[in-house]
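S.K.: prediction below, plus the sequence it came from.
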Amino acid sequence: MSQFKFCPVCAASLELRADEGEAGKVRLACPDGHWTHWDNPLPVLAALVEIDGKMLTARNAAWAEGRFALITGFMERDETPEQGIARELKEETDLDAQEIELIGVYEFMRKNELIIAYYVKASGSIRLSPELVEYRLTEAADLRPWPAGTGHAVADWMRRRGLDVQYVEFAGSSTPIATPQVLK
């Protein structure tokens, strides 16, 4: 559930208790009522990026070869989601966002995240941050969404443009078996 063990106000050991005001939802809380760990989902921004008529996906340095995904990152204090995705795009690829259009909002419960996905038309020359090790430029019709997280955003974007959506299939785990492989 969480790594929290003690109340940040009084240092008492937290306990699991049913929250009376939240239909009995079980949460970690201070026994004296000082603090409750709400464990709310974290907002994550995602960009399906188009540059020079191609769709950009990238591989994170921590991922196995062949795994590509959208450009993603966390919102920061005092920025709108649109400002945040433009910042993340610049930090991770050195590209400039020219147009930003909301695709939708998607759950990613496995990581307790709420994904706010955008289509971003970008310009500039791609220069990856150390966080990313390679990228691919793909025709929009060749994108293959995955059945989780940002994959649903890719599928929704494709449908709105009249493109055929063919999800990659999973082989018993969270590893897709089609090319190009793209995961969130």
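M.R.: Looks like it arrived, so ask away.
S.K.: any idea which helix or strand comes after the longest strand seen in the chain?
M.R.: The residue-count maximum for a strand in the chain (DSSP state E) belongs to strand 96-108. Going down the chain from strand 96-108, the next helix or strand is strand 113-123, by DSSP states H and E.
S.K.: what's next to that following strand, contact-wise?
M.R.: By C-beta atoms under 8 Å, 6 or more residues apart in numbering, the residues outside strand 113-123 that reach it are 41-51, 56, 70, 72, 75, 81-82, 85-86, 89, 93, 95-108, 149-150, 153, 157, 184. All C-beta atoms are positioned from the backbone trio N, CA, C, and that covers glycine.
S.K.: distance between the lowest-mean-pLDDT helix or strand in the chain and the chain's centre?
M.R.: Counting by mean pLDDT, DSSP states H and E, the chain has its least confident helix or strand at strand 15-19, which shows a mean of 88. Strand 15-19 sits 30 Å away from the centroid of its parent chain (C-alpha atoms, centre = their mean, to the nearest Å).
S.K.: ok, the residue of the chain most remote from its centre - contacts?
M.R.: The centre of the chain is farthest from one residue, Asp32, which by C-alpha atoms, centre = their mean lies 36.1 Å away. The neighbourhood of Asp32, defined by C-beta under 8 Å, 6+ apart, consists of Cys7, Cys10, Ala12.
S.K.: can you check Val26 too?
M.R.: Taking C-beta under 8 Å, 6+ apart, one finds Leu16, Arg17, Ala18, Asp19 in contact with Val26.
S.K.: which among the residues you listed end up buried?
M.R.: Buried by 16 or more other C-beta atoms under 10 Å: Arg17, out of the contacts of Val26.
S.K.: ramachandran angles for the nearest residue to Ile116 once chain neighbours are set aside?
M.R.: Spatial nearest neighbour of Ile116, excluding adjacent residues (C-beta to C-beta, 6 or more residues apart in numbering): Pro81 at 5.0 Å. Main-chain torsions, Pro81, degrees, to the nearest 10: phi -60, psi -40.
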